[in-house]
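A.B. asks: Curious how this folds, go ahead:
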Amino acid sequence: MLLVMNWASMSDTKPLLHLELEELLLIGLGAAPGALLRWQVALHLQDQHLLVNTLGAALLGLLAGLPVDDRYRLLIGIGFCGSATTFSGWMLTATKLISSGEWFAALGLISCTLGLGLGAGLLGYLCGKKICSTRKKSS
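C.D. replies: Down below sits the predicted model:
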């Protein structure tokens, strides 16, 4: 969670500003490879949305199921997955399909992406919880 700076007292803002910059850096470091992955998948696999959104949902689900530090959530969850997945592009593709009269293709894209995304997110989450319970039993 990004912190809001308190402008009332400048001496109070230094720790908040430092923490906010650290968080921004983590998000940026995760975003660059996520965006490059999305670009390469679109370039080489001709898939603009389905694969990256499904993989992103699985990774976010896994991250949510694991007890990880907030820094990893910023780096991987917001940074990497946020830039690798693409809601706006997905909606634009569906809109273009609808505007060209391809209603069934648009509904298929929306249905497949939602179904696979929800399934992948749930599977990732359950895997994360399973990893946690297995680690606890072996400890």
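A.B. asks: Which residue ranges of this structure form helices?
C.D. replies: Remark: helices assigned in the chain by DSSP state H are 10-45, 50-65, 70-72, 82-84, 87-99, 103-138.
A.B. asks: Serialize those to JSON lines and add fields for mean pLDDT.
C.D. replies: Compiled in JSON lines, the helices of the chain are given as follows (pLDDT from 0 to 100):
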{"stretch": "helix 10-45", "mean pLDDT": "84"}
{"stretch": "helix 50-65", "mean pLDDT": "95"}
{"stretch": "helix 70-72", "mean pLDDT": "94"}
{"stretch": "helix 82-84", "mean pLDDT": "95"}
{"stretch": "helix 87-99", "mean pLDDT": "93"}
{"stretch": "helix 103-138", "mean pLDDT": "93"}
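A.B. asks: which non-adjacent residue is nearest the most centrally placed residue in the chain?
C.D. replies: The residue lying closest to the centre of the chain (C-alpha atoms, centre = their mean) is residue 81, at 2.7 Å. In this structure, residue 81 finds its nearest non-sequential neighbour in residue 56, 4.5 Å apart by C-beta to C-beta, 6 or more residues apart in numbering. Bear in mind the C-beta positions are built from the backbone N, C-alpha and C, glycine included.
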